[in-house]
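Chemist: only the shape, not the letters, is given here:
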């Protein structure tokens, strides 16, 4: 029994080793500019990269890197600190030779059909795109300028050449092996990379391109492993933002796109969290607050799957602290470290402040952006106060020395409880990042959620200094 058991184990181990060897694929070759250098291969998982394998090239620059079946998609081949060279990781052995990964024109693909196709299209497609842009420019001149519009043969030639370029590009993609990774990746990458040209030169293609993004499955494993997921999200909303529509119409279109993305995302909680988190941050950075609010409320109200606590808190601020809501009162005695005004004049609560408007600002001495923004706020404070606006700074510092140093020159009220993210006010206001600003009226109704000191200053100038009527909610 022991002998038979040992033989069974041996057979199992041999089979496991054999299976792992046969399933493993390799990228091998040489880079003449990377002799005895570090080589590594990275793969993509959604918005992030992960290490697949690494090695050191020999004295001739030869190397070999392995990858497994689960690493399929797009990979980054990196030599030292050099720029990456992108490869298709699929069920094929890959062999490449060249000078450096950052010099793609020096690289030849010696083995690997999909990588040969990928490299060829990467060389040819940009040339076709650039040439097409030149023909479109010339066609406009020959169609509209009376000096050239009489040249009918030239106009016909331009139309013919444009069609030939489009047909050549389409034919290349159509002839790729159906089911291969490049047959999905290349047309997808083509559409994403065309966004700028479509917005600027080929606006007639915009409806179809927006339709492409809305039909894209953002949970597709092929997209998740492609390295272009981030590009797809950014290009999608950049196109809408730069579509030439009025801003209100842009927000309507963004809501439609968010709805389209969620058709698949609601079925995949993990990717819903990752993509929603990134998209929310993207919209915030571009000051597209109506769209970020719509996204936040959609996740909180319409999605039944679980979202992680950090994201939930980040989104909850848009439901609890949206424009028009009443902000929580602040009891200043709960924040024993007050600066900026004599203690005898310290109001008990935020609601005791009698100014027409109050800016409640959250920040900290450890926050780099706060170190840029709040000194500007201090410089503008005298003018703001003269126009009827007070400022209250709530610090998230947890070290009193850091807090004292940061606020020592602030001419407005600063308070701190040294509890960082666990402070009562921070939690009441659903603060998830610094700096965070809320502009309140005398009844603590949220009038504006500014994204910068400059935006606050522009608001004061337009509505308080110049007396323009406030917009209706």
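Modeler: Cool, the structure landed. None of the values given here were measured: they were computed from a predicted structure.

Chemist: can you list the domains in this structure?
Modeler: 2-111, 113-193, 194-320, 332-465 (automatic domain parsing).

Chemist: the shortest one: end-to-end distance?
Modeler: I take that to be domain 113-193. End-to-end span of domain 113-193 (C-alpha to C-alpha, to the nearest Å): 23 Å.

Chemist: how about stretch 62-81?
Modeler: Start-to-end span of stretch 62-81 (C-alpha to C-alpha) is 18 Å.

Chemist: centre of the chain to it, how far?
Modeler: In terms of C-alpha atoms, centre = their mean, to the nearest Å, the centre of stretch 62-81 is set 25 Å apart from its chain centre.

Chemist: what residues of that stretch count as buried?
Modeler: Buried residues in stretch 62-81, counted by 16 or more other C-beta atoms under 10 Å: 62-63, 65-67, 71-79. Using the backbone N, CA and C atoms, a C-beta is placed for each residue, glycine as well.

Chemist: adding secondary structure, distance to residue 195 and pLDDT, write those residues out as a markdown table.
Modeler: Below are those laid out as a markdown table (DSSP: H, G, I helix; E, B strand; the rest coil; distance: C-beta to C-beta, whole Å; pLDDT from 0 to 100):
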| residue | secondary structure | distance to residue 195 | pLDDT |
| --- | --- | --- | --- |
| 62 | strand | 40 | 95 |
| 63 | strand | 36 | 95 |
| 65 | strand | 33 | 95 |
| 66 | strand | 36 | 95 |
| 67 | strand | 30 | 95 |
| 71 | helix | 28 | 94 |
| 72 | coil | 26 | 93 |
| 73 | strand | 22 | 96 |
| 74 | strand | 19 | 96 |
| 75 | strand | 24 | 96 |
| 76 | strand | 22 | 94 |
| 77 | strand | 26 | 94 |
| 78 | strand | 27 | 92 |
| 79 | strand | 31 | 88 |
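
Chemist: put together CSV for the domains of the chain, with distance to residue 471 on each row.
Modeler: Below are the domains of the chain laid out as CSV (distance: least, C-beta to C-beta, whole Å):
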stretch, distance to residue 471
domain 2-111, 36
domain 113-193, 36
domain 194-320, 12
domain 332-465, 9
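
Chemist: quick check, nearest of the buried residues of stretch 62-81 to residue 185?
Modeler: Checking the buried residues of stretch 62-81 against residue 185 with C-beta to C-beta, the nearest one is residue 74 at 7.0 Å.

Chemist: circling back to that earlier point, check the domains of the chain for me: which has the lowest mean pLDDT.
Modeler: Sorting those by mean pLDDT places domain 2-111 lowest, at a mean of 83.

Chemist: let me see the ranges of the strands in the stretch 251-400 of the chain.
Modeler: Secondary structure of the stretch 251-400 of the chain (DSSP state E, counting those that start in this stretch): strands located at 337-339, 357-363, 389-395.

Chemist: nearest to residue 454, of the ones you listed?
Modeler: Using C-beta to C-beta, those put strand 357-363 closest to residue 454, at 13.1 Å.

Chemist: tell me what that closest one is packed against?
Modeler: Helices and strands touching strand 357-363, by 3 or more C-beta pairs under 8 Å, 6 or more residues apart in numbering; DSSP states H and E, are helix 368-386, strand 389-395, strand 436-441.

Chemist: so what touches it?
Modeler: 327, 330, 350, 370, 373-374, 377, 384, 388-396, 426, 429, 431, 434-442, 444, 447, 450, 456, 464 (C-beta atoms under 8 Å, 6 or more residues apart in numbering).

Chemist: quick one: strands adjacent to it?
Modeler: With DSSP bridges as the criterion, the sheet partners recorded for strand 357-363 are strand 389-395 (parallel), strand 436-441 (antiparallel).

Chemist: and the strand or helix carrying residue 197, how far out from the chain's middle?
Modeler: Using DSSP states H and E, residue 197 maps to helix 195-200. Per C-alpha atoms, centre = their mean, the displacement of helix 195-200 from the mean C-alpha position of its chain is 19 Å.

Chemist: and that helix, what does it pack onto?
Modeler: Using 3+ C-beta pairs under 8 Å, 6+ apart, helix 195-200 sits against helix 206-215, helix 229-241.

Chemist: save those helices as TSV, and put in distance to residue 266 too.
Modeler: Shown next, in TSV, are the helices and strands packed on helix 195-200 (distance: least, C-beta to C-beta, whole Å):
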stretch	distance to residue 266
helix 206-215	15
helix 229-241	17
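
Chemist: can I get those helices in a markdown table with mean neighbour count?
Modeler: As requested, the helices and strands packed on helix 195-200 are exported to a markdown table (neighbours: other C-beta atoms under 10 Å):
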| stretch | mean neighbour count |
| --- | --- |
| helix 206-215 | 15 |
| helix 229-241 | 20 |
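
Chemist: and of the ones you listed, who's closest to residue 296?
Modeler: Residue 296 lies closest to helix 229-241 among the helices and strands packed on helix 195-200, at 15.2 Å (C-beta to C-beta).
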